[in-house]
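*Asks:* starting from these lines, generate the structure:
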Amino acid sequence: MPIAWIDSASPVATEDYCGYQGSVVDSALMGTPEIHPSLTPEPGKPAFTEEDVRAWVAAMESDENPVVKRVEFMSACEVATKVNHPVYRPDDTLLALVTLTGDWQIHLPPEVTPVGPPDPDTVAYWIFDAVTGHLIGSTSGVESP
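*Replies:* Numbering: from 1, shown residues only. From the prediction side, this is the model:
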């Protein structure tokens, strides 16, 4: 099954990606359940491990075979800064940022026409709630080699 990479970023994002002021919704209701927590919940700590993420990605049925480059647990503000747009969670919310490489197609709006070859340093980011394991967003970017 092909992976649809849909950018969850806001096209009208502000320059400051931290300081989310929106309503706080129960994290159990946000995103789609994907990674099953394997650790006993503790305040300020993730409920799953890097190995859990790698196992979940390996179990996916995909012709595009994404490769996990990195799994990082950090605050929502740090994630927003790293992926260069807001993640719409309070700054101190613990998230998992999964950086992927592989052969895939970025799905663009119909009115956008790509120009030139894709940058070989393009990565995809999946953003998970580090407590529930819910996938709350995805985007792509270019990392310096």
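
*Asks:* so who does the nearest residue to residue 82 once chain neighbours are set aside touch?
*Replies:* Of all residues not flanking residue 82 in the chain, residue 97 sits nearest, at 6.4 Å (CB to CB, 6 or more residues apart in numbering). Backbone N, C-alpha and C define where each C-beta goes, glycine included. Residues in contact with residue 97, defined by CB atoms under 8 Å, 6 or more residues apart in numbering, are 70-74, 79, 82-83, 125-127.

*Asks:* from the residues you listed, pick the one nearest residue 31.
*Replies:* Nearest to residue 31 among the contacts of residue 97, counting by CB to CB, is residue 127 at 8.7 Å.

*Asks:* pretty sure the residue nearest to residue 82 sits in a strand.
*Replies:* Yes - using DSSP: H, G, I helix; E, B strand; the rest coil, the secondary structure at residue 97 is a strand.

*Asks:* can you tell me how far it sits from residue 22?
*Replies:* 20 Å (CB to CB, to the nearest Å).

*Asks:* check residue 49 too.
*Replies:* For residue 49, the distance to residue 22 - CB to CB - is 30 Å.

*Asks:* report pLDDT for residue 115.
*Replies:* Per-residue pLDDT puts residue 115 at 80.

*Asks:* ok so, going back, residue 49 and residue 22: which is more packed in?
*Replies:* residue 49 (16 against 9; other CB atoms under 10 Å).

*Asks:* and the residue lying closest to that one once chain neighbours are set aside, what does it touch?
*Replies:* Once flanking residues are discounted, residue 49 sits nearest to residue 38: 6.4 Å by CB to CB, 6+ apart. Neighbour list for residue 38: 47-49, 52 [criterion: CB under 8 Å, 6+ apart].

*Asks:* residue 132: which of those is nearest?
*Replies:* residue 47 (7.3 Å).

*Asks:* measure the closest residue to that closest one other than its chain neighbours to residue 51 for me?
*Replies:* Excluding its sequence neighbours, the residue lying closest to residue 47 (CB to CB, 6+ apart) is residue 37, at 3.5 Å. Applying CB to CB, the value for residue 37 to residue 51 is 13 Å.
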